[in-house]
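Visitor: Quick check, what structure comes out for this input:
(2 chains)
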Amino acid sequence: MHLLKDRGFAVPSSEVTSRDVYEGRRHMLKLLAMGAAGATLSAWAGRDALAQSTTVRPNKLAALPGSRSSVGGTMEKLTPYQDVTTYNNFYEFGTDKSDPGRNAHTLKTRPWTVAVEGEVKKPKVYDIDELIKLAPMEERIYRLRCVEGWSMVVPWMGYSMSELIKRVEPTGQAKYVEFVTLADPKTMPYVGSRVLEWPYIEGLRMDEAMHPLALLTFGLYGEVLPNQNGAPVRAVLPWKYGFKSGKSIVKIRFVEKEPRTSWVKANSGEYGFYSNVNPKVDHPRWSQATERRIGEDGIFQKKRPTLMFNGYESQVGQLYAGMDLAKYF
Amino acid sequence: MSAVLKPGASTTVSARSPARAKPALLHPAAKPLLFMLCVLPFVWLFYGAVANTLGANPAEALIRSTGDWTLRFLCITLTVTPLRQWTKQPALARFRRMLGLFAFFYVVLHFLSYAWLDMGFDLATIAHDIPKRPFALVGFTAFVLMIPLAATSFNRAIKALGAKRWQALHKLVYAIVLLGLLHFFWMKAAKNNFGEVAIYAVVIAFLLGWRIQQRLGFGPE
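Guide: Now for the predicted structure:
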């Protein structure tokens, strides 16, 4: 099956020496010279690392440059752009995973503001273009594990959420962060359907939101986010199931009480506030022990084992020390 | 696979009532043509799997599509008898067995694609997975119940069982289609998305309701 795979993402030979690749290579060489990536580089060199680690821009949307970050760095094969942008859960545009790619073109991402409010000393309504420039843009390659049992590897563009949080200075009362996403019935055809309560709400504990892995995300594959992937700004929390990463965020609220998230409201028996990736705690209706890697695992290939905290246990495990993860799922 | 086989409506009898049947239904090409139509979804899925046109998650697409087609063929099979009566075309009964067997064909594909693509044919995992999940258990039960119906679909089996017992056995299709619907409902419940389920529910309620009404209206036959 693998040999037959071609979904139009084949890179024409003219692209191989494009400026981005060239710059990516230079970036790699710079890293090598600085020894910034340390011991892992020897492992990289043994693989087709240079071709891999250089994210080739698909040239579909505006460029969003940023420097490759080693935070959460994975050397796994990237999921093709085509799959990342046509296989989405974004219920405001339909519940079928091919719906958002077809329907989200109606979303208007300018003008766009993100209101940061609640228990903060410096509440502020940020214009999206101001928010993008708030901190240096980084490229982070993260695994993405959906609660449904599939996964991807995506090169996101963004910066740690903590950059924003530090600037608004949360008060002592701020125990949780709530993300409110856009619910515009005019541009989002499924807002108003009874699938979920709108607007879609997600939330994190403060220490989770402050964790360097928690990414405020503006792009992927070196370009701004496609609408179906949550343009113009979304959260990406690689150690949690994908639905925790709210898309098209319009409001970030700092609150004292645990936010009632959309999925908890819809079905608290199946979805919890934490929703950390955990192969040992099954969803009531299916096993979470394995996953299918989209675009890579062939149709007849066995699923791969799911890793604790999606493989980020060494980074985030201490956030949950002493917690019964079967109870706080 | 549908059960209510009334005397005088069996395949042989209806085939011998050309006066009431349109010639088209009795044309020698009618059954091969229907066969070709019924096999089209399979051809399309097979092509999609080979040519990789089933989207980002072809395994999921195969499992879902074969399940959809099972439910569709169950509904189509159950439509034969009411349609036969409304249109006064007893010859329609000729096609019921083939339609029922196609429902079985697609449920076998559905189960095999689950067992293979999702479970890697690991029997221990499958045996652990099915009872754990009510939704899978319901689907699996429906599949198992379809086996005796498919196994007794040929003429000699009908003779061997006797028409009465054969009919009684094939009434299982009502339980099967309801289990199939519950299986589908439970699957879609994950996304609180019942639009498609509602359509099947209305169709099935109508098909079964019509039979209940027949019973009440005309007494047991």
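Visitor: pLDDT value on residue B:14, please?
Guide: In this model, residue B:14 is scored at 47, pLDDT.
Visitor: who's in contact with the closest residue to residue A:163 other than its chain neighbours?
Guide: Nearest residue to residue A:163, sequence neighbours excluded (Cβ to Cβ, 6 or more residues apart in numbering or on different chains): residue A:135, at 3.9 Å. C-beta coordinates here come from the backbone N, C-alpha and C atoms, glycine included. Going by Cβ atoms under 8 Å, 6 or more residues apart in numbering or on different chains, residue A:135 touches A:159-160, A:163-164.
Visitor: which strands and helices sit next to the longest strand along chain A?
Guide: The longest strand of chain A (DSSP state E) is strand A:150-160. Other helices and strands packing on strand A:150-160, by 3 or more Cβ pairs under 8 Å, 6 or more residues apart in numbering or on different chains; DSSP states H and E, are helix A:81-84, strand A:138-145, strand A:215-220, strand A:234-236, strand A:290-293.
Visitor: can you tell me which helix or strand the residue positioned nearest the centre of chain B belongs to?
Guide: Nearest residue to the geometric centre of chain B (Cα atoms, centre = their mean): residue B:74, 2.5 Å. Secondary-structure element containing residue B:74, defined by DSSP states H and E: helix B:58-87.
Visitor: so how far is residue A:155 from the residue nearest to residue A:163?
Guide: Here residue A:135 is placed at a distance of 18 Å from residue A:155 (Cβ to Cβ, to the nearest Å).
Visitor: Can you verify residue B:185 is assigned to a helix?
Guide: Yes. Applying DSSP: H, G, I helix; E, B strand; the rest coil, one finds residue B:185 inside a helix.
Visitor: so it touches residue B:194, yeah?
Guide: Yes. Assessed by Cβ atoms under 8 Å, residue B:185 is found in contact with residue B:194 at 7.1 Å.
Visitor: picking that back up, I'd like the average pLDDT over the longest strand of chain A.
Guide: Averaged across strand A:150-160, pLDDT comes to 97.
Visitor: With stretch A:276-284 instead?
Guide: Averaging pLDDT along stretch A:276-284 yields 93.
Visitor: what about the helices in chain B?
Guide: B:11-15, B:23-26, B:30-51, B:58-87, B:96-113, B:123-132, B:134-151, B:155-161, B:163-170, B:172-188, B:195-218 (DSSP state H).
Visitor: Which one, of these, ends up nearest to chain A?
Guide: Nearest of those to chain A, taken as Cβ to the nearest Cβ: helix B:58-87 at 4.8 Å.
Visitor: how about stretch A:126-143: buried residues?
Guide: By 16 or more other Cβ atoms under 10 Å in any protein chain shown, the buried positions in stretch A:126-143 come out as A:126, A:128, A:131-132, A:135, A:137-143.
Visitor: give me the residue from chain B nearest chain A.
Guide: Closest to chain A within chain B is residue B:56: 3.5 Å, counting by Cβ to the nearest Cβ.
Visitor: And for that residue, the neighbour number?
Guide: By other Cβ atoms under 10 Å in any protein chain shown, the residues close to residue B:56 number 23.
Visitor: give the contact list for it.
Guide: Contact partners of residue B:56, counting by Cβ under 8 Å, 6+ apart, are A:82-83, A:86-87, A:97, A:294-295.
Visitor: Most neighbours among the residues you listed, which one?
Guide: Among the contacts of residue B:56, the one with the most neighbours (other Cβ under 10 Å) is residue A:294, at 24 neighbours.
Visitor: State the distance from that residue to residue A:305.
Guide: Applying Cβ to Cβ to residue A:294 and residue A:305 gives a distance of 16 Å.
Visitor: can you tell me which residues contact the closest residue to residue A:275 other than its chain neighbours?
Guide: Counting by Cβ to Cβ, 6+ apart, residue A:241 is the residue found nearest to residue A:275 once chain neighbours are left out, at 4.7 Å. By Cβ under 8 Å, 6+ apart, the contact set of residue A:241 is A:145-147, A:275-277.
Visitor: For residue A:241, grab phi and psi.
Guide: According to degrees, to the nearest 10, the main-chain angles of residue A:241 amount to phi -60, psi 150.
Visitor: Give me the pLDDT for it.
Guide: Looking at residue A:241, its pLDDT is 98.
Visitor: returning to what we had before: from what I can see the residue nearest to the centre of chain B touches residue B:102, true?
Guide: No. Applying Cβ under 8 Å as the test, residue B:74 and residue B:102 come out as separate, 9.7 Å apart.
Visitor: before we move on, which element is the closest residue to chain B within chain A in?
Guide: Going by Cβ to the nearest Cβ, chain B is nearest to residue A:87 of chain A, at 3.5 Å. Using DSSP H and E, residue A:87 is not contained in any helix or strand.
Visitor: residue contacts, it?
Guide: Residue A:87 touches A:97-98, A:101, A:150, A:152, A:294, B:55-57, counting by Cβ under 8 Å, 6+ apart.
Visitor: Residue B:48 too?
Guide: By Cβ under 8 Å, 6+ apart, the contact set of residue B:48 is B:54, B:58, B:61-62.
Visitor: Most neighbours of all these, which one?
Guide: That'd be residue B:62 among the contacts of residue B:48, by other Cβ under 10 Å, with 24 neighbours.
Visitor: Spatially nearest residue to that residue (excluding sequence neighbours)?
Guide: In this structure, residue B:62 finds its nearest non-sequential neighbour in residue B:113, 4.7 Å apart by Cβ to Cβ, 6+ apart.
Visitor: again with residue A:279
Guide: Nearest in space to residue A:279, with sequence neighbours left out and distances taken as Cβ to Cβ, 6+ apart, is residue A:306 at 4.1 Å.
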